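Trainee: Here is a sequence with its predicted model. Questions after.
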Amino acid sequence: MSGEGRHARHVAIIMDGNGRWAKRKHLPRAMGHRRGVEAVRELVRSLKDTRIECLTLYAFSSENWKRPEDEVDDLMNLMRRFIKSDLPEFIANDVKLHILGDWQGLAPDIVAMLEDALEKTSHGSRTLAVALNYGSHAEIAQAARKAAEEGEVTEESIERHLYSAPLPPLDLLIRTSGEIRLSNFLLWQAAYAEMLFVDVLWPDFTPDHLKHALADFAERERRFGGR
Ligand code: IPE
Ligand code: IPE
Ligand code: MG
C-alpha cells in the first residue's frame, strides 16, 4: 500500500530538551523554554499544511512541579504570555484548544485564561490539545473512579472519562531530545500508537521535522494484533 492512504490523524509530542538546548549554547534554561515556545508556534502554524486533525503537546507534567521554583515560575509565565499572544491566531486559523490534565489545579489567573481560550476556540476544526499538569496514571485513576461511580468499569467506560475522550485515536507519538521513555504521557492512548524518538532538542524541532515524521509514519505497517 502506498503511504498516501495512511495518514496520521492524531499526533502527540513529548517536547523535551529545552534545558539541554540552552546548556549547549551557554544560555540560561529559561531561554531554552522561550525558544521552545517559538517552536510550538511554528508547528501550530504549519498544521494547515498537513492532514493532522489533532496535535497533542506535552507542556507540563504533574511531576514537573519537582523542578526549582524559579523554573516552574518561568514556565507558568511563558504559558500566560503564550495564551495571550497566540489566542487571536488560534481563532483566526480555526484551531480548537483542548486541555488534558488537572489544569484546574494551576494558578487561578491561568485557569481563567484557559477557560476563556477554550470558549473562544470552541468552533475550531483542527485541535491543539495541550497537556498541562498532566500525568497518565492520575488520568487513568480518575477515569476509573468516575466509571465506577456510574456503574460497570469497562474499557469503554474508562475511555469515556479519559481527558482524551473527544480526540481521535492516537496514531503517532514523537519524543524529541533522544530520550527513549514516555514519562507518564498517554500510557493508555499509546497502546497501539507508532512511536518515534528523534535526536533533535525541542527548540530545534521544525515543521520539516514533523513532515519527515509523518512520512515515516506513512511507511509503517500497523497490525493492531492481527496479521
Ligand atoms: C522540556 O525540556 C520542557 C519541559 C519539561 C517543560 P526540559 O526542561 O525537560 O529539557 P531537558 O530535558 O532538561 O533538556
Ligand atoms: C516530559 O519531560 C514532560 C514534558 C515534556 C512536559 P521531562 O523532561 O519532564 O521528563 P523526564 O524527567 O526526562 O522523564
Ligand atoms: Mg527533559
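Mentor: Arrived safely, thanks for sending. Ligands and ions are numbered 1, 2, ... in the order given.
Trainee: And the residue of this structure that's closest to ligand 2?
Mentor: Of all residues in the chain, Ser183 sits closest to ligand 2, at 3.6 Å by C-beta to the nearest ligand atom. All C-beta spots, glycine's among them, are computed from the backbone N, C-alpha and C.
Trainee: Just the pLDDT for that residue.
Mentor: pLDDT, Ser183: 98.
Trainee: need the contact list for it.
Mentor: Ser183 makes contact with Ile14, Asp16, Tyr58, Ser61, Glu63, according to C-beta atoms under 8 Å, 6 or more residues apart in numbering.
Trainee: now with 10 Å?
Mentor: Ile14, Asp16, Tyr58, Ser61, Glu63, Asn64, Gly135, Ser136, Arg175 (C-beta atoms under 10 Å, 6 or more residues apart in numbering).
Trainee: Drop anything exposed from those residues.
Mentor: For those, a burial check counting by 16 or more other C-beta atoms under 10 Å picks out Ile14, Asp16, Tyr58, Ser61, Asn64, Gly135, Ser136, Arg175.
Trainee: Nearest residue to the first one in space, please, no chain neighbours.
Mentor: Looking back up the chat, that one is Ile14. Leaving aside its sequence neighbours, Ile14 sits nearest to Arg175 (C-beta to C-beta, 6 or more residues apart in numbering; 4.0 Å).
Trainee: average model confidence for stretch 17-26?
Mentor: For stretch 17-26, mean pLDDT is 98.
Trainee: Renumber starting at 26 from here on
Mentor: Okay, using 26 as the starting number, the last item reads as stretch 42-51.
Trainee: ok, and does that stretch reach over to ligand 2?
Mentor: No - applying C-beta under 6 Å from any ligand atom, one finds stretch 42-51 separated from ligand 2 by no less than 7.7 Å.
Trainee: what residues does that stretch touch?
Mentor: Stretch 42-51 is touched from outside by 52-62, 64, 92, 96, 100, 200-204, 223-230, with contacts defined as C-beta under 10 Å, 6+ apart.
Trainee: Tell me who's in contact with the residue positioned nearest the centre of the chain.
Mentor: For the chain, the residue nearest the mean C-alpha position is Leu82 (1.6 Å; C-alpha atoms, centre = their mean). The contact partners of Leu82, taken as C-beta under 10 Å, 6+ apart, are 36-40, 65, 68-69, 125, 153-157.
Trainee: what does the protein have sitting close to ligand 1?
Mentor: So the chain meets ligand 1 at Met40, Asp41, Gly42, Asn43, Gly44, Arg45, Phe85, Asn89, Leu100, Ser202, Trp227 (C-beta under 6 Å from any ligand atom).
Trainee: For those residues, which two are the farthest from each other?
Mentor: Arg45 and Phe85 (17.7 Å; C-beta to C-beta).
Trainee: quick one: which of the two has more around it?
Mentor: Neighbours were counted for Arg45 and for Phe85 using other C-beta atoms under 10 Å; Phe85 has more, 21 against 17.
Trainee: What is the burial count for the closest residue to that one other than its chain neighbours?
Mentor: Excluding the flanking residues, the one nearest Phe85 by C-beta to C-beta, 6+ apart is Leu157, at 5.1 Å. Applying other C-beta under 10 Å, we find 24 other residues in the vicinity of Leu157.
Trainee: for Leu157, what are its contacts?
Mentor: With C-beta under 10 Å, 6+ apart, Leu157 has these contacts: 82-87, 89, 100-101, 104, 124-131, 135, 139.
Trainee: Fine by me, thanks again.
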